[in-house]
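Trainee: Show me the folded form of this:
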Amino acid sequence: MALDAAPAVIAGIVGTVCTLLAFASWRALVRTGNRGIYWVMAAFTLLALKSFVKAFTLGTSGETETTELLFSLADLGAVGLFAWPLLRNVGVPR
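Mentor: The predicted structure is shown next:
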């Protein structure tokens, strides 16, 4: 494997791990019925899609400033999806 291909391969591995985590989240959702897990599953799905697109981009044309911005926005969206179940009830008395 050439050193130039390493970032694309690593991004593909990250995408695969995120896909496995999204599947595990779905299984936890089915098993527990906790609807808050939808947000976690969506975050891992978004990260998986981003990583596969990034691997393809790195393997073909390379990243541009625009694609790097889009990848960073996808990361921000995933962080928001992870945080939403925790933050949606802040300040709401139970």
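Trainee: Mean confidence (pLDDT) on whichever helix or strand A42 is part of, please.
Mentor: Assigned by DSSP states H and E, A42 belongs to helix 37-59. What helix 37-59 shows for mean pLDDT is 95.
Trainee: what stretches of this structure score poorly on pLDDT?
Mentor: Low-confidence segments of the chain (pLDDT under 70): 1-3, 90-94.
Trainee: returning to what we had before: distance from the chain centre to the helix holding A42, please.
Mentor: For helix 37-59, the distance from its own C-alpha centre to the chain's C-alpha centre is 4 Å (C-alpha atoms, centre = their mean, to the nearest Å).
Trainee: for the next helix or strand after that helix, the distance to its chain's centre please.
Mentor: Proceeding C-terminally, helix 37-59 gives way to helix 65-87 as the next helix or strand, assigned by DSSP H and E. Per C-alpha atoms, centre = their mean, the displacement of helix 65-87 from the mean C-alpha position of its chain is 8 Å.
Trainee: Can you list the buried residues in helix 65-87?
Mentor: By 16 or more other C-beta atoms under 10 Å, the buried positions in helix 65-87 come out as 70-71, 74, 78, 81-82, 85. Where C-beta positions appear, they are placed from N, C-alpha and C, glycine not excepted.
Trainee: okay, those in JSON lines with distance to E63 next?
Mentor: Listed next are these as JSON lines, based on distance: C-beta to C-beta, whole Å:
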{"residue": "L70", "distance to E63": "10"}
{"residue": "F71", "distance to E63": "8"}
{"residue": "A74", "distance to E63": "13"}
{"residue": "A78", "distance to E63": "18"}
{"residue": "L81", "distance to E63": "23"}
{"residue": "F82", "distance to E63": "24"}
{"residue": "P85", "distance to E63": "31"}
